[in-house]
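1. Predicted model and sequence below, questions to follow.
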Amino acid sequence: MWGGNVTAFAGGIAAAGAIVAPSVRNQMTYEQRLASMANTAFAEQNTAGRRTGMRSMDQLIRRSVAVGGGSKETAADTLDTLLASGAVDYTTAEKLLPMLQKYATATEADPKELAQIAIRLKQSFGISDNQIPTALNMVIKSGQLGSFEIKNLAKWLPQQLAAANALGMNGLGDLAVLLGFNQASMISAGSPDEAGNNIVNLLTKINSQDAANSAARIKFNGKGIDLPGTLVRARSKGFTALEAFSGLTDKIVANNPEYQALEKQLKSSTTDSARQEIMQSQAKILEGSAIGQIIADRQALMALVAWRANRQYGNDVIKGVNQQRVLPLSQQSGEQNFDLIKGTNFYKVNQLNNTRDFAQMDAIQPLSDVLGKLSGELNDYAGAYPGLTKALAGAETAIKAMTAAAWAFAGIKFLSSAGAAATAAGTTAAGAGTAAATATRIPGWAGRLGLGRVLAPFAVWQGAEAVPLMQVSRGDAEARARLEKGNYPNDQARMLDALKSRPGLMDAWDEVKSWWASPSNIRVPESANGYPVPPFAQQPAVQTPINITTQLQVDGRVLAEVVNEANGQSAARGPQGGPH
């Protein structure tokens, strides 16, 4: 029984290693991702509870993609971002994920970055779960009203929210102010990243101890400036720290004639380049003023100058985004954008691809389960019998080596045979003493690929990657015998036998099977721990290697060269024997 089992084990291990096609790998990778997220989201539950969580997350991802587009990968990444933050529990994530997928599709933003905004809104700005859809629509509207677009806001807003919260800013109203400052900052900046960074620096500097100390040393109306107190009093009157500091700047520069002259020039300027030059000049004046002492940062000053120079524009942005707060959800910017996008052909095709992707995973699930179970059992068996594992690894290597040898022996014929019928004759199986004659015809593309129906398991083992043009049948044993004798009336007869005798994949398979004797010839040794240990699982005896080198020649020329020449002459003749 051991001989037959070994062959089965060899095929099992080889198949388990090579059958992982893209569709199977896709399903396994997705399952692994769900398991990883379940360990985070359901950490307080046992294994059964986490498996239930995996199924719930799978359904959530499918529903989110169906509602908002994207892909299962982006949805899984976004869900992972939400859960890993610690600010969002699974119940909240179930509400947020479909919306984030939808708004990412509507704005071509990364849903993970939108998730980061939602997380920071909850953590830093006191935004409730019910307010997050409106807050995100305010962000989307801001990108529509200015040149600091949603993708830029998604990158910079999380940092800004944390810095603004340190200044006492929170809620939807303060979010609108921060969005207005971002759009104004973009006007004076050379790039979106510069604009976003300028706002971060301004928020950080206003709240620094250095700024408070510097302000205290500046005399205004005979007294030092109490910067923290000024910001607190402004807050009590409904102004944000940004607005309050801008007002303080107004008072300090009001008596600076040079700065006031630049203000007038700015109001009358109509070109962007001219306005840029004026704002740069204003920043230099501020650097040398009391404001420059309070905020010793060029980037922060540029954000302040941009707001003061474009205050009306910034206020228009604030007003526009605040309108989102009073509109029905269906009329807010993100929803309207999505309504248009979902009618496009690209979106529809993407949704069809998602449907097909999930259907393929569902269809392949049983195979994945079987493959996983088989791999586990084979791995356990390999651990119990390491000698068997070594033998099987050698089998795979040997088959590949014989394949390479067959290519070298008659490669030009393989490339030109184009799937012709192959005949196998008279091969004696080692240890069995039974002659078997088989004839296998490999039609059409299957013949060209070397994938006969009788060798389907072997083709699966190769993973459709090896032996693409190899003949399948055994070489002609009688032709080999005649070649050894060498009695031929002419060179054409010798070449014909040489082509017939070329080795095929069945020769390789016969060689592998011969490594294990038939069941009747295997002696079961003494038991070890109650289990028989077959000899092939034991350490093999060291044997002296036998090296055989065979070279076939025709009139002193290597056979392959003769075959090349013959095939070249054949190719030059047409189907009726004449030239093409």
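-> Yep, it's here. Quick caveat: nothing in here was measured; it's all calculated off a predicted structure.

2. so how many other residues sit close to G383?
-> Neighbour count for G383, taken as other C-beta atoms under 10 Å: 9. For every residue, glycine as well, the C-beta is placed using N, CA and C.

3. Give me the domain ranges for the chain.
-> 17-124+343-384, 129-329, 386-429+438-522+549-572 (automatic domain parsing).

4. now the end-to-end length of the longest one.
-> Okay, so that is domain 129-329. Using C-alpha to C-alpha, to the nearest Å, the end-to-end distance of domain 129-329 comes to 14 Å.

5. Can you list the residue ranges for helices in the stretch 251-400 of the chain?
-> Assigned by DSSP state H, counting those that start in this stretch, the stretch 251-400 of the chain shows helices spanning 257-268, 272-287, 290-294, 298-309, 311-322, 333-341, 345-384, 386-417.

6. Run through who's touching the third one.
-> Right, helix 290-294. Contacting residues not belonging to helix 290-294 are listed as 205, 211, 214-215, 217-218, 220, 225, 227, 249, 252-253, 286, 301, 304 [C-beta atoms under 8 Å, 6 or more residues apart in numbering].

7. hang on, the earlier thing: format the domains of the chain as TSV; extra columns: mean pLDDT.
-> TSV is the format used below for the domains of the chain (pLDDT from 0 to 100):
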stretch	mean pLDDT
domain 17-124+343-384	90
domain 129-329	87
domain 386-429+438-522+549-572	54
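
8. want to throw these into CSV with distance to E335?
-> Compiled in CSV, the domains of the chain are given as follows (distance: least, C-beta to C-beta, whole Å):
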stretch, distance to E335
domain 17-124+343-384, 8
domain 129-329, 6
domain 386-429+438-522+549-572, 47
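
9. hmm, back to that, most packed of the helices of the stretch 251-400 of the chain?
-> Scoring the helices of the stretch 251-400 of the chain by mean neighbour count under mean count of other C-beta atoms under 10 Å gives helix 298-309 as the most buried, with a mean of 25.

10. So what touches that one?
-> 181, 184-189, 194-195, 197-199, 201-202, 204-206, 242, 245-246, 249-250, 266, 275, 278-279, 282-283, 286-287, 291-292, 295, 314.

11. okay if I get the helices of the stretch 251-400 of the chain as JSON lines plus distance to M57?
-> As requested, the helices of the stretch 251-400 of the chain are exported to JSON lines (distance: least, C-beta to C-beta, whole Å):
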{"stretch": "helix 257-268", "distance to M57": "54"}
{"stretch": "helix 272-287", "distance to M57": "49"}
{"stretch": "helix 290-294", "distance to M57": "50"}
{"stretch": "helix 298-309", "distance to M57": "41"}
{"stretch": "helix 311-322", "distance to M57": "33"}
{"stretch": "helix 333-341", "distance to M57": "23"}
{"stretch": "helix 345-384", "distance to M57": "14"}
{"stretch": "helix 386-417", "distance to M57": "37"}
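
12. In which helix or strand does E194 reside?
-> Counting by DSSP states H and E, the element that carries E194 is helix 192-206.

13. buried ones in that helix?
-> Across helix 192-206, burial judged by 16 or more other C-beta atoms under 10 Å covers 192, 195-206.

14. Now the element after it, going C-ward?
-> Sequence-wise, the next helix or strand downstream of helix 192-206 (DSSP H and E) is helix 209-217.

15. how far off helix 192-206 does that next one point, in degrees?
-> 60 degrees (axes from the mean of the first three to the mean of the last three C-alpha atoms, to 10 degrees).

16. contacts for helix 209-217?
-> Residues contacting helix 209-217 (C-beta under 8 Å, 6+ apart): K205, G224, I225, D226, L227, P228, Q293, I294, I295, A296.

17. Of these, which is the most crowded?
-> I294 leads the contacts of helix 209-217 on contacts (other C-beta under 10 Å) with 29 neighbours.

18. Past the helix or strand hosting A104, which element shows up next along the chain?
-> Here A104 sits within helix 90-107, counting by DSSP H and E. As assigned by DSSP H and E, the chain's next helix or strand after helix 90-107 is helix 111-124.

19. if we can go back for a sec, which of the contacts of helix 290-294 sit farthest apart?
-> R217 and L304 (19.7 Å; C-beta to C-beta).

20. Now L153. Nearest residue, chain neighbours left out?
-> Leaving aside its chain neighbours, L153 sits nearest to V139 (5.5 Å; criterion: C-beta to C-beta, 6 or more residues apart in numbering).

21. Quickly find the element holding the one you found.
-> Using DSSP H and E, V139 maps to helix 132-145.

22. Repeat that for I61.
-> Using DSSP H and E, the element containing I61 is helix 47-68.

23. ok, and what's touching the helix or strand just after that helix?
-> Later in the chain than helix 47-68, the nearest helix or strand by DSSP H and E is helix 72-84. For helix 72-84, contacts defined as C-beta under 8 Å, 6+ apart pick out 30, 33-34, 36-37, 40-41, 57, 60-62, 64-65, 88, 90, 92-93, 96-97, 100-101, 104, 110-112, 114-116, 118-119, 354, 357-358.

24. Now do helix 72-84 and helix 345-384, the angle between them.
-> Going by the same axes, to 10 degrees, helix 72-84 makes 70 degrees with helix 345-384.

25. follow-up on the earlier one: from what I can see the residue nearest to L153 touches L157, true?
-> Yes - if you go by C-beta atoms under 8 Å, V139 and L157 touch, sitting 6.9 Å apart.
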